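Participant: just a sequence and a predicted model for now, questions to come.
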Number of protein chains: 2
Amino acid sequence: MVLVERDDTGVTLHDVTLHGITLHSVTLHDVAREAGVSYATASRALNGSDRTVRADNAARVRDAADRLGYTPDLSAQATARGSSSTVALVVSDIDDPYFSSIAAGVTEAATDAGLIVTMAIADRSPGLELQIVRALRGHRPRAVIIAGSRIAPAASTSAPASSASAAASAAAASASASASASDDDDTRAALIAELAAYQQAGGRVALISQDDLPFTTLAIDNTGGARQLALDLAGLGYRRFAIAHADDSIRTSHDRRLGFAAGLAEAGLPPPALLPTDFTRAGGRQAALDLIARGHGDLELVFAVNDVMAIGVMTGLRESGLLPGRDLAVAGFDDINAAVDVSPALTSVRVPLHELGRRALASALAEPPPHTTTDRASAAVSGPMSVPIPVEVILRPSTPTRRHP
Amino acid sequence: MVLVERDDTGVTLHDVTLHGITLHSVTLHDVAREAGVSYATASRALNGSDRTVRADNAARVRDAADRLGYTPDLSAQATARGSSSTVALVVSDIDDPYFSSIAAGVTEAATDAGLIVTMAIADRSPGLELQIVRALRGHRPRAVIIAGSRIAPAASTSAPASSASAAASAAAASASASASASDDDDTRAALIAELAAYQQAGGRVALISQDDLPFTTLAIDNTGGARQLALDLAGLGYRRFAIAHADDSIRTSHDRRLGFAAGLAEAGLPPPALLPTDFTRAGGRQAALDLIARGHGDLELVFAVNDVMAIGVMTGLRESGLLPGRDLAVAGFDDINAAVDVSPALTSVRVPLHELGRRALASALAEPPPHTTTDRASAAVSGPMSVPIPVEVILRPSTPTRRHP
DNA sequence: ACAGGTGGGGAAAACGTATTCCGGATTGTG
DNA sequence: CACAATCCGGAATACGTTTTCCCCACCTGT
């Protein structure tokens, strides 16, 4: 018979009425009383304290906790301990497969580490991103991971003019990103300050593919991957390329564009035509539409700086009556899951997104604690480290081997 | 001259060293001291308290807060107020476009409401899901939203046998879901108990498409949508159908399968062939492969109970040398973003996923507070409400109009 | 038998914030 | 000019934990 006798006043669910919300919850206090021990003992029994508690007492406490359905109040725990058990993840757009794969990796690693993740969506806006980081800081997360920050130094802010590209399209592309360069610089500086402060306060920061910010960064080899892709495509027999890319303030786009161009140069091929557009599926589609409307001449392949854009390009081509792969080859970058679902399957550069997420969290958590110096001047940001993420070219039917004409 | 004079001992970043983690953070105390007011005044100035604080004091406090980079400790706020500012979201797999769209909606709505979301991934496992809900409760979230619970009453647990389906495949399909029916029942009951307790404690619960659980549910019209799809396809001239579906313990699959069959019956058409498989892309592909290997006879269209599976089916068909849409039509359900990226674009039933996420949060938050009865017997779960989510058939080229043979 | 551990329980002080209560000042009114 | 009414600052308490002390009881070795 395991049933335990309870007097009628035994279990007390105390009512907390605040802000119109009524909460009843069973606290450590209740558990302790039910188990006939004190506060402290109950606390020690229920979490791995350094102190030991006698076996029978521990059992009684655990029993009581079970019976009452006790769950520790993590907020209270966090204030008491001074550190919460959450990690913050900020992504540009969770509905984008690139980010959702990363998020999956981060969440998985967090779960393994007994942490839970709070997620916020920056909607590709640096301003919002900053705001979010500020808000997130209030949660005192153990780490914050930022995927897809769009802030770049103002220096390289405007996309280079392209002889082959329609001026109108270029203007449209940069319009959205041009909210006064100094404004952007301000947000950028503010973000850095915010993160530095957070780090100074003991938080860990990891950035994904933002190696121009002074924090631990998972550096996707954008340049190298794009270069290798160009080389491999040259090897397949392609000669005349176009690049669908976004504004250079988007670092990723910038690096991939330059890497690709470098690869072409290396292969002794002419520089690619530039198709500046948005960093989205719609952007890719529009670039394709514009290209075909204008006449694509002897173009053989268009490289879009990410898969989502590449898929847009394929759609645009199809809408223009061209068959991607046969009439005009297409290649992307990221190797999102959908790359194999489109037809022809998309040639891409594989970025281990899931793993990337995992490692982002791991790297953040592994960061050395900040110097605990009373001298505030020397309490500088600890040297940012960079974790290189290798990538791999994956050739698929969207870029079939090309017979020399 | 706005510079404020500070004595050298002015700003005190107090060090908290606990569990090896060192945190310095600026507290309300510091702000109060810097501003030359008390605790309470600072608190009142920085959050909209019911009490007013004199304008000049308020300004001083805000100034000090700015200068010091103060951010309120939300954990502390939560314990003090007794309710946190988070909502919990549990999804089966954030890397699945179905869930990522929902997550985007939930997150957006949360941000609008000044809440932040904590996300956990149940990996399609009821056990994990239960565990997660338990863990989440510790955060005392304002609401928990569960998308994609897979638990169904044990009653309808096994998939019906299908004359047209390979027994081996069916066995494989149900194998993973068959960890002893009573076990499943236990988890289900435990989840219900857990959620009920949470609700009883003042939390709000919303479920997405789980109308067999006694909680507020966003009910996607799976049956009706599938039925309408069948009707519309019949209207296009299709006569002989197959359904790629998953184990009936997955409610969604079950309902869509039955709805589709009902639509066919209504149109006076023969019942569909059944292709039991996994609820995934791989499952869809395998079903297609099996089907073609076995010989698909006079089959004209395969309906997969979700888009991800449908895309798998298309891939499988292609691998078997068939052209989806021309040789064999394909239709899905959900209308995920990728449905328009595949070619031919996929006929589907549009579920407003993003909106669904938004409304899930809204519905949860709008729930009536639980009855505050001291009589524990009558403190039953308040009547669950069901928010119907209408769906819409979207015909696309994967199901071209069929000439009568 | 007695000093010196040592294992473990409990009271109380954190943690950082919200809120209640008290009282002093300022204001309005007769 | 007195007296209430209002405004608002501050001390103190609460929130649910963890953690630090303190102390007792028991064990061990001499």
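Facilitator: Good, I have the coordinates. Only a predicted model underlies this, so the values are computations on that prediction, with no experimental measurement involved. Numbering: from 1, shown residues only, chains lettered A, B, ... in the order given.
Participant: which residues of the stretch 1-150 of chain A fall in helices?
Facilitator: Secondary structure of the stretch 1-150 of chain A by DSSP state H, counting those that start in this stretch: the helices cover A:28-35, A:39-46, A:55-68, A:74-81, A:97-112, A:126-137.
Participant: adding mean neighbour count, write those out as a markdown table.
Facilitator: Where C-beta positions appear, they are placed from N, C-alpha and C, glycine not excepted. Converted to a markdown table, the helices of the stretch 1-150 of chain A look like this (neighbours: other CB atoms under 10 Å in any protein chain shown):
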| stretch | mean neighbour count |
| --- | --- |
| helix A:28-35 | 20 |
| helix A:39-46 | 20 |
| helix A:55-68 | 16 |
| helix A:74-81 | 20 |
| helix A:97-112 | 24 |
| helix A:126-137 | 21 |
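Participant: mind putting those into CSV with mean pLDDT?
Facilitator: Converted to CSV, these look like this (pLDDT from 0 to 100):
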stretch, mean pLDDT
helix A:28-35, 91
helix A:39-46, 91
helix A:55-68, 91
helix A:74-81, 93
helix A:97-112, 97
helix A:126-137, 90
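Participant: these into a markdown table, with extra columns for distance to chain B?
Facilitator: Below are the helices of the stretch 1-150 of chain A laid out as a markdown table (distance: least, CB to the nearest CB, whole Å):
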| stretch | distance to chain B |
| --- | --- |
| helix A:28-35 | 12 |
| helix A:39-46 | 12 |
| helix A:55-68 | 10 |
| helix A:74-81 | 4 |
| helix A:97-112 | 4 |
| helix A:126-137 | 5 |
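Participant: okay, those helices in TSV with distance to residue B:282 next?
Facilitator: TSV is the format used below for the helices of the stretch 1-150 of chain A (distance: least, CB to CB, whole Å):
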stretch	distance to residue B:282
helix A:28-35	46
helix A:39-46	42
helix A:55-68	40
helix A:74-81	37
helix A:97-112	17
helix A:126-137	36
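Participant: turn those helices into CSV, including distance to DNA strand D.
Facilitator: Putting the helices of the stretch 1-150 of chain A into CSV (distance: least, CB to the nearest atom of the strand, whole Å) gives the following:
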stretch, distance to DNA strand D
helix A:28-35, 3
helix A:39-46, 3
helix A:55-68, 10
helix A:74-81, 3
helix A:97-112, 20
helix A:126-137, 20
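Participant: ok, stretch A:341-350 near chain B or not?
Facilitator: Yes: residues of stretch A:341-350 are located near chain B by CB under 8 Å from any CB of the partner chain, namely A:341-343.
Participant: residue A:51 and residue A:58: what is the separation?
Facilitator: Using CB to CB, to the nearest Å, we find residue A:51 at a distance of 11 Å from residue A:58.
Participant: about what we covered before: so which of the residues of stretch A:341-350 next to chain B is the closest to residue B:71?
Facilitator: Relative to residue B:71, the closest of those is residue A:341; by CB to CB it sits at 43.0 Å.
Participant: hey, where'd the strands end up in the stretch 251-400 of chain A?
Facilitator: Here the stretch 251-400 of chain A has its strands, by DSSP state E, counting those that start in this stretch, at A:273-276, A:301-304, A:329-331, A:348-350, A:386-389, A:392-394.
Participant: tell me which residue lies nearest the centroid of chain A.
Facilitator: residue A:147 (2.5 Å; CA atoms, centre = their mean).
Participant: got the domain ranges for chain A?
Facilitator: As given by automatic domain parsing, the domain ranges for chain A are A:14-72, A:83-219+A:353-389, A:222-350.
Participant: and the ones you listed, which is most packed in?
Facilitator: Comparing the domains of chain A by mean neighbour count (mean count of other CB atoms under 10 Å in any protein chain shown), domain A:222-350 comes out on top with a mean of 22.
Participant: residue B:400: which of the helices of the stretch 1-150 of chain A is closest?
Facilitator: With respect to residue B:400, and counting by CB to CB, the nearest of these is helix A:97-112 at 27.9 Å.
Participant: and for the closest one, what are the contacting residues?
Facilitator: Residues outside helix A:97-112 that contact it (CB atoms under 8 Å, 6 or more residues apart in numbering or on different chains) are A:87, A:89, A:91-94, A:116-117, A:119, A:145, A:147-148, A:208, A:306-308, A:334, A:336-338, A:353-362, B:93-95, B:97, B:100, B:119-121.
Participant: tell me which of the helices of the stretch 1-150 of chain A sits nearest to residue B:193.
Facilitator: Residue B:193 sits nearest to helix A:55-68 of all these, at 12.4 Å, using CB to CB.
Participant: pull the CA atoms of that closest one into PDB?
Facilitator: Extracted C-alpha coordinates of helix A:55-68, given in PDB (Å, rounded to 0.1, in the frame of the first residue of the first chain):
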ATOM      1  CA  ALA A  55      18.800   8.800   1.300                       C
ATOM      2  CA  ASP A  56      15.500   8.400   3.100                       C
ATOM      3  CA  ASN A  57      14.900  12.100   3.300                       C
ATOM      4  CA  ALA A  58      15.800  12.500  -0.400                       C
ATOM      5  CA  ALA A  59      13.300   9.800  -1.300                       C
ATOM      6  CA  ARG A  60      10.600  11.400   0.800                       C
ATOM      7  CA  VAL A  61      11.200  14.700  -0.900                       C
ATOM      8  CA  ARG A  62      11.200  13.200  -4.400                       C
ATOM      9  CA  ASP A  63       8.000  11.400  -3.500                       C
ATOM     10  CA  ALA A  64       6.300  14.500  -2.300                       C
ATOM     11  CA  ALA A  65       7.400  16.400  -5.300                       C
ATOM     12  CA  ASP A  66       6.000  13.700  -7.600                       C
ATOM     13  CA  ARG A  67       2.800  13.500  -5.700                       C
ATOM     14  CA  LEU A  68       2.300  17.300  -5.800                       C
END
